[in-house]
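Novice: Everything below, folded, please.
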Amino acid sequence: MTAAPVVVCPDCDGMTFTLEPCRCTTYGDRFLADADVLGPPREAYRNCEQCRGAGRVAYPCYRCGRRGRRRAQLVVSVANLDTGAVASHQVVPGGLDPHRDPAGRWVVDLVPRVRELAAIVGAVVADSDTPSLWLAEQWRPDLPATQRHELEAHALLRADHVAWRLVLGRSTAAPTVDPAARLTRLCALADLLLLDLVVEARRHGAGFGWAVRYEVPGSPVPSGLPGWYRDLPEVLASTSATAALTGLAERGRTAPARLLHPDAPRPPVAPAVDVDQLERRVLADCVDATNGDELPGAQALWRDGRWWHTTLRPGEPVETFAEQPTGQVLRRVDVPVTRGYAPPDPPWLGEPVAGLPCPDCRPPSRLCTCDCRLGGRPAEPECPHCYGAGLRPSALPCFTCCGNHRLHQTALVTVTDLRHRVVHLAWDASTPEVAPLVATQPGGKPVVQLPDRYRLGSWAALLGARPEDLADADGGQEIDRDLRDGYVTLPWARADPVREYVRQAGRGTAAGRLIVVAARPDAPPLPELLRLTLGLDLALVVAVCDLRRHAGDPLRTDGVRWSVQVKPLAAPVRPDDSPHRPSLAAALAWCVECLTDAVAAAAPTDPTAPIPVPRSRPRDVADPEPELLRLAARHAGQVVTVRFTPAGCTVHRHDEDGVRLLAEALDLRELG
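Specialist: Sure thing, here's the model as predicted:
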């Protein structure tokens with residue numbers, strides 16, 4: 001392996017900090033600035049709170065991590081998820097093989113090398129995951145070696161924000177996504193969940209940006225561009241049902257809440273969709289038919305078994321003011337986009353849901369109830385935040401309503417497996433229920449438990465899922481235990497438990513609707529991830545805590561909590577690394593989602609230490625889950641962390657005074 005040279009950081013010239021133009025120079029010496037009007041070049045705001053009128057601010061150099069030196073090395077690792085085999089290639093000055101691209105620039109194309117590595121490990125990878133390096137214009141093959149290597153080092157430094165890149169593949173190619181089949185499936189799921197499926201094209205420069213998403217009826221058109229996909233087949237190939245549901249609450253926060261009638265007559269299974277025809281129709285609607293003017297975009301909405309098409313037109317300008325860190329006030333004029341046509345209501349949409357304005361926020365301002373009024377106390381005259389007003393501006397959404405600005409009388413809950421099974425529930429706050437007292441909070445507040453139909457864990461079992469697999473469809477967050485088991489903490493002894501429970505379930509939802517996924521997370525088995533981590537010469541850190549003895553105690557977390565992380569071999573077990581995922585599958589899914597970032601972060605921070613270039617053959621590993629559960633049960637109530645490395649494993653227990661090493665072994669099964 002060729003040694004990686006260490007050079008002076010070109011961004012800070014070895015000074016460990018950089019002098020950058022202050023943000024105030026963007027708009028010049030003006031207190032009230034227009035966002036679309038730039039000031040004179042390099043003119044500073046004389047009363048700037050950051051640069052004090054100097055026009056430049058010193059920032060720590062993030063490229064070198066305030067070290068002044070950087071490592072000129074790039075490592076590309078290709079791994080086979082099915083076998084754990086890993087092959088790597090390092091790029092250092094003097095080891096490049098540049099060629100000219102059609103534009104005449106010298107470029108180092110790593111695609112052929114990555115293909116060779118993929119063939120070595122028997123994996124199929126995408127060429128789009130492969131980086132390319134562009135050399136400076138001064139580089140020529142006839143230059144002296146010293147000059148060439150210096151220019152090559154700078155080219156590597158420009159790309160070392162990810163100095164260790166992991167390219168994942170499998171033994172067989174993943175099946176290609178059929179855009180028509182994907183769209184048909186999304187339409188069928190929209191009918192199942194009683195949602196709108198929106199296909200949108202928005203103008204972006206000379207082309208269009210496309211998006212496919214779910215919305216509740218009545219949601220406004222989101223501001224900003226919908227996405228960077230160039231055509232409808234491309235966005236469909238990248239948009240799963242989970243991705244289409246992400247952001248549902250934010251998009252529908254101001255939509256009117258209405259009851260649902262799942263038994264209303266609905267169309268049969270969604271028919272096959274002609275993607276090309278749909279795309280051409282949406283693009284045709286991006287031009288005004290009356291005068292030929294270009295419109296901001298167009299939409300096609302799947303509702304009640306058919307497509308409804310509408311143009312997108314500019315609305316009334318909205319003026320907003322925002323305070324800047326420099327002390328300036330920025331004036332921005334935004335032109336929202338509105339639909340030119342609103343399709344008729346579907347038959348499953350019922351009458352409006354009753355509700356009250358949130359008492360703790362003042363839309364459209366940022367005013368929310370001050371902390372001095374928590375617990376129903378009167379405002380404190382000497383409060384340093386509100387000065388007795390009881391309200392204070394906040395950058396966070398209101399805690400009571402989470403930005404809905406309303407407290408709905410009915411919570412509409414949908415539990416689904418995102419395939420073909422669904423349950424629609426309506427929890428009305430005016431329904432009296434017998435809720436026995438099950439516990440008392442340390443402050444004296446009573447905790448009661450509602451009947452079985454309010455417990456989402458019971459509905460998960462009906463759909464064939466475990467209660468710990470319940471997750472919010474919008475973002476995948478775990479459903480908290482109160483909603484899972486029907487617990488509610490009353491603010492006072494005679495408060496209505498159903499009303500408090502409905503408020504809790506409807507906080508921050510789209511039109512009062514909470515959509516819950518009851519399905520096992522899509523995650524690889526633990527041996528597969530362990531095999532891959534060992535092949536990369538890294539450590540797999542698995543933390544587990546057995547809290548099953550807390551079952552039935554509403555004041556304490558129960559179940560078995562997990563955490564799975566990929567870390568460098570030298571990284572210690574930290575006391576605050578506590579498991580918080582409700583299942584091993586959820587922890588594995590999160591670890592895989594962050595895997596490429598974790599590998600990039602495993603590169604040594606010391607520029608004199610080279611990045612490893614791992615190579616390993618396929619290997620077999622035993623499933624450590626039974627032994628992990630046994631260890632967790634032996635130390636019930638305490639966090640047990642096991643570090644798996646190529647040299648073996650170590651077992652740690654988290655006590656009140658820190659982390660304690662319990663045992664070391666070549667294999668976890670040797671510990672008995």
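
Novice: now the helices for the stretch 1-150 of the chain?
Specialist: Under the criterion DSSP state H, counting those that start in this stretch, the stretch 1-150 of the chain contains helices at 111-121, 145-157.

Novice: mind checking which of those helices is nearest P265?
Specialist: Among the helices of the stretch 1-150 of the chain, the nearest to P265 by C-beta to C-beta is helix 111-121 (52.6 Å). Glycine gets a C-beta too; all of them are placed from N, C-alpha and C.

Novice: how about the helices of the stretch 1-150 of the chain, which one is nearest C48?
Specialist: Here helix 145-157 is closest among the helices of the stretch 1-150 of the chain (C-beta to C-beta), at 31.7 Å.

Novice: Three-state assignment for A244, please.
Specialist: Look at A244: counting by DSSP: H, G, I helix; E, B strand; the rest coil, its state is helix.

Novice: what's the neighbour count on it?
Specialist: Neighbour count of A244, defined by other C-beta atoms under 10 Å: 22.

Novice: Same check on T26?
Specialist: Counted with other C-beta under 10 Å, T26 comes out at 17.

Novice: the longest helix in the chain is where?
Specialist: Longest helix in the chain by number of residues (criterion: DSSP state H): helix 179-193.

Novice: The helix or strand just after that one pairs with which strands, parallel or anti?
Specialist: As assigned by DSSP states H and E, the chain's next helix or strand after helix 179-193 is strand 196-204. As defined by DSSP bridges, the strand partners of strand 196-204 come to strand 207-215 (antiparallel), strand 297-303 (antiparallel).

Novice: Mind putting the ones you listed into JSON lines with distance to P451, mean neighbour count and mean pLDDT?
Specialist: Below are the strands paired with strand 196-204 laid out as JSON lines (distance: least, C-beta to C-beta, whole Å; neighbours: other C-beta atoms under 10 Å; pLDDT from 0 to 100):
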{"stretch": "strand 207-215", "distance to P451": "31", "mean neighbour count": "22", "mean pLDDT": "94"}
{"stretch": "strand 297-303", "distance to P451": "34", "mean neighbour count": "24", "mean pLDDT": "95"}
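
Novice: just checking, P357 touches H408?
Specialist: No. Using C-beta atoms under 8 Å, P357 is not in contact with H408, being 11.3 Å away.

Novice: of these two, who's got more company?
Specialist: When neighbours are counted by other C-beta under 10 Å, P357 and H408 differ, and H408 comes out ahead with 25 against 12.

Novice: Give me the phi and psi for that one.
Specialist: Main-chain dihedrals, H408, degrees, to the nearest 10: phi -80, psi 150.

Novice: Mind pulling the model confidence for it?
Specialist: Per-residue confidence at H408 stands at 91 (pLDDT).

Novice: So L391 is in contact with C368, correct?
Specialist: Yes. Contact status for L391 versus C368: in contact at 6.7 Å, counting by C-beta under 8 Å.

Novice: Mind listing the shared neighbours of those two?
Specialist: Applying C-beta atoms under 8 Å, 6 or more residues apart in numbering, one finds that L391 and C368 are jointly contacted by R362.

Novice: These two - which one has more neighbours?
Specialist: It is C368, of L391 and C368, that has more neighbours when counted by other C-beta under 10 Å, with 22 against 18.

Novice: ok so, going back, where among the helices of the stretch 1-150 of the chain is average confidence lowest?
Specialist: Within the helices of the stretch 1-150 of the chain, the stretch with the lowest mean pLDDT is helix 145-157, showing a mean of 88.

Novice: Packing partners of that helix?
Specialist: Contact partners of helix 145-157 among helices and strands, from 3 or more C-beta pairs under 8 Å, 6 or more residues apart in numbering; DSSP states H and E: strand 6-8, strand 132-134.

Novice: Pull out the buried residues from it.
Specialist: For helix 145-157, the buried set under the neighbour-count rule, 16 or more other C-beta atoms under 10 Å, comprises R148, H149, E150, L151, E152, A153, H154, A155, L156, L157.
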